[in-house]
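Chemist: predicted model follows, preceded by the sequence.
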Amino acid sequence: MAIDPALSALAANTESTEPWARPSCPNCRSGYIGFAEPSEDESHESAPHHGHEAFEPDWIRGTFVIRGQCENRECQLAVHGTGDYFVDYSTQQVDFDSPGPLYSSYYKLTHLHPPMLLMPIPKSAPEEIREGVLRASRVLFADPGLAATALRATVERFLTAEGVTGGPSGKFQTADVRIKQWSAQDPTRLAVANLLLAVKWLGNAGTHEDADLTTTEVLEGAAMLDEAFHRVYTGPDLDARAQVINTAKGPSR
Ligand SMILES: [Zn+2]
């Protein structure tokens, strides 16, 4: 399953003239979250300058709140969001009848609560992996570096769940060594091991003090982890079911 493209759209600035992206509902997983118009509060830094002789609307800065709701009538999950906004020239066609340039508000989301799921969690994945993905999801917009670190920790949780504990004496082992150990147990695991390793590298980059990882890069890591988990947890189930159908030469009932 692919990563929800609405999350990438929400990670970018949303212009006041365009509709908000509708992410998949984390509660029912069948509906989408539709957002109402955001409510703006101009900051104490920009508000006092309206009387300035050189004032232009693109000086305006502030924060906003937004309310969303799942469009599935049986679910109707309420979602609350917040973030920063600024005013700048509109990307809309210039209206030649208007006296000056057109301006838009641009919204940069920093939080959604409850959080949107950054990637689907396979049904047969153990609970600690679910928790790892949820942890990354909570900080996706607020701190992408931290989200990448949480995804890396999810790889470590996966290795622990798979029984790859590290050295024989319980000595600390790096994620690299543990991924290699897990991969060495089965020659078909190499491709998945490469995906896990990439998530580890993104997590390392996110951990640094001066991390400048973007939400888009974190979502790329999530796509890799999603594919790895898909192959580990869902792939074998499908293989087994295909085998049953092939043996029966028809549907298995
Ligand atoms: Zn829903």
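Modeler: That came through fine. This is a predicted model, so every value here is computed, not measured. Residues are numbered from 1 along each chain as shown.
Chemist: for Ser137, give me the pLDDT.
Modeler: At Ser137, the model reports a pLDDT of 96.
Chemist: buried sites along the lowest-mean-pLDDT helix or strand in the chain?
Modeler: Among the helices and strands of the chain, helix 235-248 carries the lowest confidence by mean pLDDT, DSSP states H and E, at a mean of 83. Within helix 235-248, no residue counts as buried by 16 or more other C-beta atoms under 10 Å. Heads up, the C-betas are built off the backbone N, CA and C, glycines and all.
Chemist: Thr82 sits in which helix or strand?
Modeler: strand 78-89 (DSSP states H and E).
Chemist: same check on Glu209?
Modeler: Using DSSP H and E, Glu209 is not contained in any helix or strand.
Chemist: got the residues of the stretch 51-200 of the chain near the ion?
Modeler: Applying C-beta under 5 Å from the ion, we find that the stretch 51-200 of the chain lies next to the ion at 70, 72, 75, 77.
Chemist: quick one: which of those is most hemmed in?
Modeler: Cys70 (24 neighbours; other C-beta atoms under 10 Å).
Chemist: just checking, that one touches Tyr32?
Modeler: Yes. In terms of C-beta atoms under 8 Å, Cys70 counts as a neighbour of Tyr32; the distance is 7.2 Å.
Chemist: need the overlap of contacts for those two.
Modeler: Cys25 (C-beta atoms under 8 Å, 6 or more residues apart in numbering).
Chemist: run through this structure and note the low-pLDDT ranges.
Modeler: 1, 93-95, 167-171 (pLDDT under 70).
Chemist: okay, domains of it per the record?
Modeler: When the chain is parsed with automatic domain parsing, its domains come out as 1-116, 121-253.
Chemist: identify the residues contacting Pro84.
Modeler: Not quite, residue 84 is Asp, not Pro. Asp84 neighbours (C-beta under 8 Å, 6+ apart): 61-64, 107-108, 110.
Chemist: repeat for Leu159
Modeler: 175, 178-179, 182.
Chemist: tell me if it really is in a helix.
Modeler: Yes. With DSSP: H, G, I helix; E, B strand; the rest coil as the criterion, Leu159 is assigned to a helix.
Chemist: hmm, who's touching the least confident helix or strand of the chain?
Modeler: With C-beta under 8 Å, 6+ apart, helix 235-248 has contacts from 124, 251-252.
Chemist: can you give me the buried ones in stretch 3-20?
Modeler: By neighbour count on 16+ other C-beta under 10 Å, the buried set for stretch 3-20 is 3-4, 6-7, 10-11, 13-14, 16, 20.
Chemist: same question for stretch 210-226.
Modeler: 213, 215, 217-226.
Chemist: now intersect the buried residues of stretch 3-20 with the strands, please.
Modeler: Among the buried residues of stretch 3-20, DSSP state E puts Thr14 in strands.
Chemist: which residue sits closest to Arg22 in space, ignoring its chain neighbours?
Modeler: Leaving aside its sequence neighbours, Arg22 sits nearest to Tyr32 (C-beta to C-beta, 6 or more residues apart in numbering; 4.0 Å).
Chemist: double-check the one you found against Pro26; I have them as touching.
Modeler: No. Counting by C-beta under 8 Å, Tyr32 stays clear of Pro26, with 11.1 Å between them.
Chemist: quick one, which of these two is more surrounded?
Modeler: Set Tyr32 next to Pro26 and count neighbours by other C-beta under 10 Å: Pro26 wins out with 19 against 16.
Chemist: look at that one and tell me its secondary structure.
Modeler: Quick answer, by three-state DSSP: Pro26 is coil.
Chemist: burial count for the nearest residue to it once chain neighbours are set aside?
Modeler: Nearest residue to Pro26 in three dimensions, chain neighbours excluded: Leu117, at 4.7 Å (C-beta to C-beta, 6+ apart). A count of nearby residues for Leu117, using other C-beta under 10 Å, gives 23.
Chemist: return the set of buried residues in the strand holding Thr82.
Modeler: So strand 78-89, judged by 16+ other C-beta under 10 Å, has buried residues 79, 81-83, 85-88.
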